[in-house]
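> Coordinates for the following, if possible.
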Amino acid sequence: MIQPIKREFLRDTATQQLREAIAAGHWRKHLPSETVLGRELHVSRRTIRSAIAQLIREKALRSRGRGRNPDITAPVRLASRSPTPKVIRYLSPRRAEMNDHASQVVENALREYVKREGFRLEFECHPELYGHFSPKRMTALALQPDTAAWILLHSTQKIQEWFVASDQLCMVTGSCQAGVDLPNDEFDSSASCFHAAHLLAGRGQGHIVFVAQAKLNASEQSTVRGFLEGAKRFPDLKVTVTRHDATREGISRTLLSLLQDSPQPTGYLVMLPEHTLTTLGLLRSQGVRVPEDVSVICRTDDLFLDYCIRSVAQYRIDCVKFGQACGAVAVEIIRHGAGRSRQVKIVPKFVPGQTFMKARVRSAGPFRGCGCWMSVELLAIRVARLAVSLQKTEPRNRRIERRPRVFWR
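Model prediction:
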């Protein structure tokens, strides 16, 4: 069967050549100069510099400062030629059938991608590692035969720190914990929440709420930071971030207390799809009209949101694309090593629904007299275009006309 040709970068080929030469003992204490290495490998000094930086991250070399050749710290262990590990293990706190629809779509796309690349995905469900982490238990799992790399789902701080200390090949789905540098693939929910804060504040009201649970992982914490950062652009805006217990009763108590505030919330961004249904139901029971009185946006999408009578405004994620991106990162660290830390971010797409009403303002200023209403977004675009046109004409207005010189006799 004909296999697709794999594209190799020069820096990866040069890194492999240097790795093999170091393992064979071609150099004793330190590498020769970049010029000599480039002449031997027929590549540029920039490529040699990238290869050396990769080996320094792998701790095969030690930098001695600028202008000095790096030292060889230890012989590089090359992969054995006899059976190459072909299993990528997917660590999760829940069983596969207990994950939500989006996680299952991601897993299926990931499984298909690694299969095309010649690997096999094995699902590893170990909730005990997430509750009470045991380094001994994690070490036993990591020593399973035929393991090529790990993919960490909803990983905690201790799990990620263990993989950093053990030098095991792994990648993180979602955000890395504070102080952890691992290859990761995540949805840029921070950017989407920044966008949501602008949309809700654009209605001209003074109180927006982020309905979030008390326990947040690293990805969810970054979404809260993005929401608060977007709200900073509006100094007169009141912003509230809830901390409920993720139950229907807890969400209801939190929302009822918010309805007693002054001013009342006029925009809600809800963390999870199931919590969005609770939010919509409680607001309706209290006589709050959506979207006439308040707007509701869900941070992520789910299949059951499409069955709501009033379509829910949401940020839709491409789970298939995310799963393929996770597979690409996992295969890359297996083939080229974990020294090249790679972060991939996929921006969700905003899908406006009937639970969100755009702010509308009367035409004024340069648009007075058109007799129509326009959205804030359209007004901002027109003002920006007007500013650009004024900037183009400003130098022409400031041009000083040269008068003919008159010589008096």
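> Mind telling me what element the closest residue to residue 138 other than its chain neighbours is part of?
Spatial nearest neighbour of residue 138, excluding adjacent residues (Cβ to Cβ, 6 or more residues apart in numbering): residue 162 at 5.6 Å. (Glycine included, C-beta is placed from N, CA and C.) In this structure, residue 162 sits in helix 157-166 according to DSSP states H and E.
> got the contact list for residue 256?
282, 286 (Cβ atoms under 8 Å, 6 or more residues apart in numbering).
> what's the answer for residue 163, then?
Residue 163 neighbours (Cβ under 8 Å, 6+ apart): 150, 152, 170, 182.
> just to revisit the earlier point, tell me the buried residues in the helix holding residue 162?
Applying a neighbour-count criterion of 16 or more other Cβ atoms under 10 Å, the buried positions in helix 157-166 are 159-164.
> Pretty sure residue 47 sits against residue 37.
No: Residue 47 is beyond contact range of residue 37, at 9.4 Å (criterion: Cβ atoms under 8 Å).
> Restrict stretch 218-226 to CA atoms and write it as PDB.
Provided in PDB are the C-alpha atoms of stretch 218-226 (Å, rounded to 0.1, in the frame of the first residue of the first chain):
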ATOM      1  CA  ALA A 218      -6.800  25.700  34.300                       C
ATOM      2  CA  SER A 219      -8.800  26.300  31.100                       C
ATOM      3  CA  GLU A 220     -11.800  27.600  32.900                       C
ATOM      4  CA  GLN A 221      -9.700  29.900  35.000                       C
ATOM      5  CA  SER A 222      -8.300  31.500  31.900                       C
ATOM      6  CA  THR A 223     -11.800  32.100  30.600                       C
ATOM      7  CA  VAL A 224     -12.600  34.100  33.700                       C
ATOM      8  CA  ARG A 225      -9.500  36.100  33.300                       C
ATOM      9  CA  GLY A 226     -10.400  36.900  29.700                       C
END
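> Sort out which residues of it are buried, please.
Buried-residue list, stretch 218-226, by 16+ other Cβ under 10 Å: 218-220, 222-224, 226.
> try stretch 206-222
Buried-residue list, stretch 206-222, by 16+ other Cβ under 10 Å: 206-213, 218-220, 222.
> pLDDT averaged over that stretch, what's the number?
In this model, stretch 206-222 carries a mean pLDDT of 87.
> Give me the distance between the two termini of that stretch.
23 Å (Cα to Cα, to the nearest Å).
> just how off-centre is that stretch within its chain?
16 Å (Cα atoms, centre = their mean, to the nearest Å).
> Can you report phi and psi for residue 103?
phi -60, psi -40 (degrees, to the nearest 10).
> how close does residue 232 get to residue 225?
Applying Cβ to Cβ, to the nearest Å, the value for residue 232 to residue 225 is 11 Å.
> Of the buried residues of stretch 206-222, which belong to strands?
207-211 (DSSP state E).
> May I see those organised as JSON lines, with distance to residue 259 added?
JSON lines is the format used below for those (distance: Cβ to Cβ, whole Å):
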{"residue": "207", "distance to residue 259": "11"}
{"residue": "208", "distance to residue 259": "14"}
{"residue": "209", "distance to residue 259": "10"}
{"residue": "210", "distance to residue 259": "16"}
{"residue": "211", "distance to residue 259": "13"}
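> tell me which of those residues is nearest to residue 16?
For those, the minimum distance to residue 16 (Cβ to Cβ) is 47.5 Å, reached by residue 210.
> I'd assumed residue 227 was in contact with that closest one.
Yes: using Cβ under 8 Å, residue 210 is in contact with residue 227, at 5.0 Å.
> Mind listing the shared neighbours of the two?
Among the neighbours of residue 210, those also in contact with residue 227 (Cβ under 8 Å, 6+ apart) are 193, 239, 241, 269.
> burial count for the second one?
The tally of other residues near residue 239 (other Cβ atoms under 10 Å) stands at 19.
> Using just helix, strand and coil, how would you label it?
strand (DSSP: H, G, I helix; E, B strand; the rest coil).
> Could you do the last one as well?
Using three-state DSSP, the structure places residue 269 in strand.
> in this structure, which helix or strand is least confident?
Across the helices and strands of the chain, mean pLDDT, DSSP states H and E gives its lowest value to strand 360-362, namely a mean of 44.
> picking that back up, was I right about the residue nearest to residue 138 contacting residue 134?
No: Residue 162 lies out of contact with residue 134 (Cβ under 8 Å); the separation is 9.9 Å.
> per-residue pLDDT, residue 372?
42.
> Dihedrals phi and psi, the residue nearest to residue 218 when sequence neighbours are not counted?
Among residues not flanking residue 218 along the chain, residue 175 sits closest, at 4.0 Å (Cβ to Cβ, 6+ apart). With angles defined as degrees, to the nearest 10, residue 175 sits at phi -80, psi 150.
> tally of neighbours for residue 175?
With other Cβ under 10 Å as criterion, residue 175 counts 23.
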